[in-house]
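Engineer: my questions concern the predicted model and sequence given below.
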Amino acid sequence: MLIETLGAARDMGRLNTILGVLIRHGFGDVVRRLGLADSLERAGHALRWDNAAELARLSPPVQWRLVLEELGPTFVKLGQILAGRADLFGPEYIVEFEKLHNHVPPVPFEQLRPQLREDLGDEPERVFAHFDAEPLAAASIAQVHRARLHDGTEVVVKVRRPGITEVIEADLRLLTRLAALAEAELPPLRPYRPQQLVREFSRSLRRELDLASECRNAERIGANMAVLPWIVVPRVYWDWTRERVNVQDHIEGIPGDDLQRLDAEGLDRQELARRGARAVLKMIIEDGIFHADPHPGNVFYLADNRIAFIDFGMVGRLTERRREELLQLLMGLVQRESQAVADVLLDWAGDHHQANLGQLESEIEAFVDAYHGVPLAQLSLGDMLADVTAILREHRLSLPSDMALLIKTFITLEGMGRGLDPDFHMTTEALPMLRQVIRARYQPAVMARRTFKTLRHALAVLERLPNDAARLLRNARRGHLSVGIELAHLRRVGNQIDRAANRLAMSLIIAALIIGSSIVMTVEGGPTLFGLPAFGFLGFAGAFVGGLWLVRSIWRSSRGRDLLDD
């Protein structure tokens, strides 16, 4: 039966619970379309297709939120992740998903004690000078207790809930199978890539289950923030940190949403907004690892306008390539360069076969062009990013998960900044840092490394060319050669290919001139110029001129050129 292929016997009870919750909240049709209703009935489970009157009156976004809440921690976490996917869900869904929270009844301490004793190596009352059995906070994965070290340092002890791993792993197995089934049986869901979404969610949640991983993230970000002395990251005490427990400094400050207390204690709201923005922008643009959940509960304001970040269970990571693309996108938005924005978003969206590329690019260009003439201080970078992702959503295109998480962070950060200072504008804070990063990219040493890398790749292509050409001819003779041509968006793609081909051809010529001239320099006899073999000297001169042209071409094509001229 289909239901038997969905899960092993150990997961059958949980699967029945999930399906029952879906049906009770009015999603019986989804269960039927997946082919699971008949299987459940044959297995002897009575299904109620009629819904309670109060549930029937609720909107689908509200019903889905209630489903996720009822199904427990795995699905609550999934909803929190989906709250950042404005490229997949409309604003009415995002609003409901943002209401999901981790506040659950705490586990009684005596149930925690055996696990805590095993991880700490002794009773917590002996490990610490003081240990508070009453939790400071409780969430779906872990709860936090206050404690004091024997040297008087105030700390927090974060303990993973017993048995939570088994529950989450069962849920992840079922989600993986349900995603595959949904992708096969429900074609309208395929553009949203449910299997890929579940794989990324599973990796993220498993990392969050490892409380030691959270501390490694905190230390790495803390080291990056050392140049900003007004940013505080809690110290980790590794002697008592394990996969199921971690110990960090207790932060005593003003919670991020207590603005009245902020004013009462005389802190500077504008300065706090600027410092917070600078810190997160540094994480994103310079460091490539950032706090991915900087909501008010994870931010504290301290004396002297310092800012403390806590809870690094969810972090985002950006490769160097992603940061380059991000720079191009941000500069395109700030400088109102519609083509730059369209190029990056189309590259991120990946699978275009269901999209009208011409219409999509036109909408993006019209959106960006609408901001021409708007003063920089009036631009809301978060709103612009949200609007652009809404355009993608309308065309049923999704962003890579790392970029969706980044955009959510930008929007959250700008909202917090506006809460502190109504005149706060992320754009004005980001622009100086963008200029600094762009200038660093075009320093002579960096340009030299980039040119050398280009030449090395060109030589590798030249070396493989005979084998690739021979393989191509063999396939053609055997009738195995096929050519696929996609005409959509041909002009833009053709121009990009043409520019890339010109640079590649010049790189090959430069490499050949350098190699040939080096050989000529070793041959005695022949005409000379300035005391050097003439042909070798001319070859090097030609390579130098060609290199200057190549560097100039790369420089001119940079989207940051106008920004640097400001």
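Structural biologist: All right, it came through fine. Keep in mind the model is a prediction, meaning the values are calculated, not measured. Numbers count the residues shown, from 1 in each chain.
Engineer: low-confidence ranges in the stretch 451-566 of the chain?
Structural biologist: 451-455, 457-459, 461-470, 472-503, 517, 519-526, 528-532, 534-536, 550, 552-566 (pLDDT under 70).
Engineer: domains in the protein, as residue ranges please.
Structural biologist: Recorded structural domains for the chain (assignment: automatic domain parsing) are 2-101+178-195, 109-165+207-315, 318-438, 444-476+489-565.
Engineer: in TSV, list these along with distance to Asp171 and mean neighbour count.
Structural biologist: All C-beta spots, glycine's among them, are computed from the backbone N, C-alpha and C. As requested, the domains of the chain are exported to TSV (distance: least, Cβ to Cβ, whole Å; neighbours: other Cβ atoms under 10 Å):
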stretch	distance to Asp171	mean neighbour count
domain 2-101+178-195	4	17
domain 109-165+207-315	10	18
domain 318-438	19	18
domain 444-476+489-565	41	13
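Engineer: adding distance to Leu172, write those domains out as TSV.
Structural biologist: Formatted as TSV, the domains of the chain follow (distance: least, Cβ to Cβ, whole Å):
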stretch	distance to Leu172
domain 2-101+178-195	7
domain 109-165+207-315	10
domain 318-438	16
domain 444-476+489-565	38
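Engineer: weakest of the ones you listed by average pLDDT?
Structural biologist: Among the domains of the chain, domain 444-476+489-565 has the lowest mean pLDDT, at a mean of 66.
Engineer: now the closest residue to Thr409 other than its chain neighbours: phi and psi?
Structural biologist: Leaving out its chain neighbours, the residue that sits closest to Thr409 by Cβ to Cβ, 6 or more residues apart in numbering is Ala292, at 5.7 Å. The phi/psi pair for Ala292 (degrees, to the nearest 10) reads phi -90, psi 0.
Engineer: just to check, Ala292 is in contact with Val315?
Structural biologist: Yes - using Cβ atoms under 8 Å, Ala292 is in contact with Val315, at 5.3 Å.
Engineer: for Arg177, give its distance to Leu68.
Structural biologist: 18 Å (Cβ to Cβ, to the nearest Å).
Engineer: residue contacts, the nearest residue to Met283 once chain neighbours are set aside?
Structural biologist: With Cβ to Cβ, 6+ apart as the criterion, Met283 has its nearest non-adjacent residue at 3.6 Å, and that residue is Phe290. For Phe290, the contacting residues are 221, 280, 283-284, 315-316, 318, 406, 409, by Cβ atoms under 8 Å, 6 or more residues apart in numbering.
Engineer: swap in Asp249?
Structural biologist: 153-156, 234-235 are the contacts of Asp249 under Cβ under 8 Å, 6+ apart.
Engineer: list the contacts for the residue sitting nearest the centre point of the chain?
Structural biologist: Centrality entry for the chain: nearest residue to the mean C-alpha point is Asp402, 2.0 Å, by Cα atoms, centre = their mean. Neighbouring residues of Asp402 by Cβ under 8 Å, 6+ apart: 316-318, 322.
Engineer: returning to that earlier point: which SS class is the residue nearest to Met283?
Structural biologist: Classification of Phe290 by DSSP: H, G, I helix; E, B strand; the rest coil places it in strand.
Engineer: ok, back up a step: most widely separated two among the contacts of Phe290?
Structural biologist: Ile221 and Leu406 (15.1 Å; Cβ to Cβ).
Engineer: quick check: end-to-end length of stretch 295-311?
Structural biologist: Start and end residues of stretch 295-311 are separated by 10 Å (Cα to Cα, to the nearest Å).
Engineer: list of residues touching that stretch?
Structural biologist: 214, 221, 230-234, 248, 251, 253-257, 262, 265, 267-268, 271-272, 275-276, 279, 291, 293-294, 412, 416.
Engineer: do that again at 6 Å, thanks
Structural biologist: Contacting residues not belonging to stretch 295-311 are listed as 230-234, 251, 253-254, 256-257, 262, 267-268, 271-272, 275-276, 291 [Cβ atoms under 6 Å, 6 or more residues apart in numbering].
Engineer: what does stretch 199-209 give?
Structural biologist: By Cβ under 6 Å, 6+ apart, stretch 199-209 touches 77-78, 81, 165, 172, 213, 313, 401.
Engineer: at 8 Å instead, please
Structural biologist: Taking Cβ under 8 Å, 6+ apart as the rule, stretch 199-209 contacts 74, 77-78, 81, 141, 160, 164-165, 168, 172, 175-176, 213-214, 243, 313-314, 401.
Engineer: taking these one by one, which sit in helices?
Structural biologist: 74, 77-78, 81, 164-165, 168, 172, 175-176, 213-214, 401 (DSSP state H).
Engineer: what segments of the stretch 351-500 of the chain are helices?
Structural biologist: Taking DSSP state H, counting those that start in this stretch as the criterion, the stretch 351-500 of the chain contains helices spanning 357-369, 381-394, 401-420, 426-441, 444-477, 490-521.
Engineer: which parts of the stretch 101-250 of the chain are helices?
Structural biologist: Going by DSSP H, counting those that start in this stretch, the stretch 101-250 of the chain shows helices at 109-120, 124-127, 164-185, 194-209, 211-224.
Engineer: which helices and strands sit right next to the last one?
Structural biologist: Using 3 or more Cβ pairs under 8 Å, 6 or more residues apart in numbering; DSSP states H and E as the contact criterion, the elements in contact with helix 211-224 are strand 154-160, strand 245-249, strand 289-291.
Engineer: can you tell me what sits against that helix?
Structural biologist: Against helix 211-224 from outside (Cβ under 8 Å, 6+ apart): 142, 158, 160, 207-208, 233-234, 236, 238, 241-246, 248, 282-283, 286-287, 289-291, 309, 311-313, 315.
Engineer: and if we set it to 6 Å?
Structural biologist: 158, 160, 207, 233, 236, 241, 243, 246, 287, 312-313, 315.
Engineer: nearest to Ile391, of these?
Structural biologist: Set against Ile391, the nearest of those by Cβ to Cβ is Val315 (27.9 Å).
Engineer: for the closest one, give its distance to Ile164.
Structural biologist: For Val315, the distance to Ile164 - Cβ to Cβ - is 20 Å.
Engineer: that older thread, distance to Glu429 added to the contacts of helix 211-224, as TSV?
Structural biologist: As requested, these are exported to TSV (distance: Cβ to Cβ, whole Å):
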residue	distance to Glu429
Lys158	32
Arg160	37
Arg207	29
Val233	21
Val236	29
Thr241	34
Glu243	38
Asn246	32
Asp287	16
Phe312	22
Gly313	26
Val315	21
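Engineer: now, among those residues, which is nearest to Glu394?
Structural biologist: After measuring the contacts of helix 211-224 against Glu394 - Cβ to Cβ - the closest member comes out as Val315, at 30.2 Å.
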